[in-house]
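Undergrad: Show me how the following folds:
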Amino acid sequence: MVDVAVSRVLPAPRSRVAAVAGDPSQAVRWYSNIRSVRWHGEPEVRVGARVDFVARFLGRDLAYTYEIVDLVPQERMVMRTASGPFPMETTYTWWDEPPGPDGARTGMELRNTGRPSGFASLAAGILPAAMRRAMTKDLERLERVVAGEQGH
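TA: Below is the predicted model of the structure:
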């Protein structure tokens, strides 16, 4: 079992952070490994919505379908996949932090849990550290994205 969580305080209102991070259509903007996103049906963030992702991780292309299984707008979103080499659940959690000198701040946790199979099970020893590095970089990238939107 792999369970990796990273968190960061982002200098933006929770509504902005959740609008970017909680919309799978925006994933290519802040997830460095995500190459493409394709919705099944209308691109609506709701429980039951399904989204295909293509990602590059540990030197391999991965294709998988996520389903949104839990959603509390601007608080939590949980997506789950049973397809691909790494059946996994991804949870996004947002909360308000005390304002900083530049205004609103939002805490965010990104958590991935799952049971690697296939090639991923062979890399299980290095998988948590590689995931933690990638997820930390993704939250840094998300911070740049939401900070860039504050001026707009």
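
Undergrad: packing partners for whichever helix in the chain runs longest?
TA: The longest helix of the chain (DSSP state H) is helix 127-150. If contacts are counted by 3 or more CB pairs under 8 Å, 6 or more residues apart in numbering; DSSP states H and E, helix 127-150 sits against strand 2-10, helix 14-21, helix 27-30, strand 103-114. To be clear about C-beta, it is placed using only N, CA and C from the backbone, and glycine gets the same treatment.

Undergrad: 6 Å instead?
TA: strand 2-10, helix 14-21, helix 27-30 (3 or more CB pairs under 6 Å, 6 or more residues apart in numbering; DSSP states H and E).

Undergrad: would you list the ones you listed in a markdown table and tack on mean pLDDT and mean neighbour count?
TA: Shown next, in a markdown table, are these (pLDDT from 0 to 100; neighbours: other CB atoms under 10 Å):
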| stretch | mean pLDDT | mean neighbour count |
| --- | --- | --- |
| strand 2-10 | 96 | 17 |
| helix 14-21 | 97 | 20 |
| helix 27-30 | 96 | 18 |
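
Undergrad: What residues sit buried inside the longest helix of the chain?
TA: Using 16 or more other CB atoms under 10 Å as the test for burial, helix 127-150 gives 127, 131, 134, 135, 138, 139, 142, 143, 145, 146.
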